[in-house]
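In: need a structure here:
(2 chains)
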Amino acid sequence: MDDHEGKKILVIQTHGVDTPTRTYSPLYYAVAAAAMEMEVMVWFTMNGTNQLKKGEAEKVELVKGSGVTLKSMLEMAMDNEVELRVCQQSLTLWDMTPDDLIDGVGILGATSIIDLALDYDHVMYF
Amino acid sequence: MAHEKINECVVFTNLYYSVGDNTWVRVNDDDTVTIGMTDVAQSLAGPILHAKAKKVGVARKKGRPIATVESGKWVGPVKSPVTGEIVAVNEILVGDAQVVNRSPYNDGWIVKMKPENMEGDLAELLTGDAAVEAYRAKIENDGVTCTHIEGTDEYLI
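Out: Residues are numbered from 1 along each chain as shown, chains lettered A, B, ... in the order given. Next up, the predicted model:
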């Protein structure tokens, strides 16, 4: 298998705390790609936005008794230099303002996602 | 071999450690080093499902990944503690990644490398009592207790 170091992967996450089992894998893949020396961004939009509200992600334990929460997954992503971005327009869906976001999350508009999707080597959509 | 046990975590005094990255280095007779994950690292990761090392011939700078390791709850890089070229990869990992859990310091080694500057790289790692004390502080500070799966090497239990 070829070595894909340096490639850019964009992960689009549309699922949030209302569907916990759909939140774990995209972040896991993002961290795996970062660990493989790829440049990775996770773009949260639609329902994916709600996991970035302060106090929400720690309520979601991904496997009961594991001690692994959605918050710890988001932190693991940031520790591995995965960039986290949220869709500005989606914030209003959840009555959120930029002040509601956990630290380390950037805000981008809709045109940015189009630019990013065209610029990255691969897009994974969840 | 002399070792210390701190909260069930084994630290050998004859190895060199990058305590921050939880890797160890053993100096071989042929100017190469063997590199692996520490007992602390395998415990924090939990039972490992996949371990994928970089290929032989790949040049790595210190701090860059020499392998990617996945467990059910964690995925991350194994960062190289030296700058040099990978000269061997542990082929056991492909079919039995949990050898890293069972034998982190022996059969579960990750890669062998030929460092460009062995003396310089080793000087930046910790060994002997200094390594033990650094791990004691880390283990106590982070509240780590090492765990060992069935089939683990006797000296670790």
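In: so what's the spatially most central residue of chain A bridging to?
Out: Central residue of chain A (CA atoms, centre = their mean): residue A:42, 3.8 Å from the mean position. Here residue A:42 sits in beta bridges with residue A:11, residue A:84, going by DSSP bridges.
In: Show me the shaky parts of chain A.
Out: Applying pLDDT under 70 to chain A flags residues A:1-2.
In: got the residue ranges for the strands in it?
Out: A:8-13, A:39-44, A:83-87, A:105-108, A:122-125 (DSSP state E).
In: Could you tell me how far the second one lies from the centre of the chain?
Out: Relative to the mean C-alpha coordinate of its chain, strand A:39-44 is positioned 6 Å out (CA atoms, centre = their mean, to the nearest Å).
In: ok, and the closest non-adjacent residue to the residue of chain A found nearest chain B?
Out: Minimum separation of chain A from chain B (CB to the nearest CB) falls at residue A:35, amounting to 4.1 Å. (Each C-beta comes from the backbone N, C-alpha and C, glycine too.) Spatially, and ignoring its direct neighbours in sequence, residue A:35 is nearest to residue B:77 (4.1 Å; CB to CB, 6 or more residues apart in numbering or on different chains).
In: Same question for stretch B:128-135: list its buried residues.
Out: By 16 or more other CB atoms under 10 Å in any protein chain shown, the buried positions in stretch B:128-135 come out as B:131-132, B:135.
In: To clarify, my last question referred to stretch A:25-42.
Out: A:25-42.
In: Show me which residues of chain B are close to chain A?
Out: Within reach of chain A by CB under 8 Å from any CB of the partner chain, chain B has these residues: B:54-55, B:58, B:64-65, B:68, B:70, B:72-77.
In: what's the longest helix in chain A?
Out: Secondary structure of chain A read by DSSP state H shows that its longest helix is helix A:24-35.
In: So which elements touch that helix?
Out: Judged by 3 or more CB pairs under 8 Å, 6 or more residues apart in numbering or on different chains; DSSP states H and E, the packing partners of helix A:24-35 are strand A:8-13, strand A:39-44, helix A:70-79, strand B:65-71, strand B:75-79.
In: want to throw the ones you listed into a markdown table with distance to residue B:29?
Out: Shown next, in a markdown table, are those (distance: least, CB to CB, whole Å):
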| stretch | distance to residue B:29 |
| --- | --- |
| strand A:8-13 | 42 |
| strand A:39-44 | 40 |
| helix A:70-79 | 37 |
| strand B:65-71 | 21 |
| strand B:75-79 | 24 |
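In: mind checking which of those is nearest residue B:92?
Out: With respect to residue B:92, and counting by CB to CB, the nearest of the helices and strands packed on helix A:24-35 is strand B:65-71 at 12.8 Å.
In: which one is residue B:81 nearest to, not counting chain neighbours?
Out: Per CB to CB, 6+ apart, closest to residue B:81 is residue B:18, 4.1 Å.
In: Relative to chain A, how far out is that neighbour?
Out: Residue B:18 sits 16 Å away from chain A, taking CB to the nearest CB, to the nearest Å as the criterion.
In: Run a quick check on that residue versus residue B:82, I expect a contact.
Out: No: Residue B:18 is beyond contact range of residue B:82, at 9.1 Å (criterion: CB atoms under 8 Å).
In: residues shared between the contacts of those two?
Out: When CB atoms under 8 Å, 6 or more residues apart in numbering or on different chains defines a contact, the residues bordering residue B:18 and residue B:82 alike are residue B:25.
In: show me what contacts the residue nearest to residue A:46 when sequence neighbours are not counted?
Out: Closest residue to residue A:46 apart from its sequence neighbours, by CB to CB, 6+ apart: residue A:14 at 4.2 Å. The contact partners of residue A:14, taken as CB under 8 Å, 6+ apart, are A:45-48, A:125-126.
In: let's see 7 Å
Out: Residues near residue A:14 by CB atoms under 7 Å, 6 or more residues apart in numbering or on different chains: A:45-48, A:126.
In: Give the PyMOL command for selecting the buried subset of the residues you listed.
Out: Buried residues among those (16+ other CB under 10 Å), as a PyMOL selection:
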select buried, chain A and resi 45+46+47+48
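In: Need the contact partners of stretch B:61-81.
Out: A:28, A:31-32, A:35-37, A:66, A:68, A:80, B:18, B:21, B:23, B:25, B:35, B:37, B:45-54, B:60, B:82-83, B:86, B:110-111, B:121, B:125.
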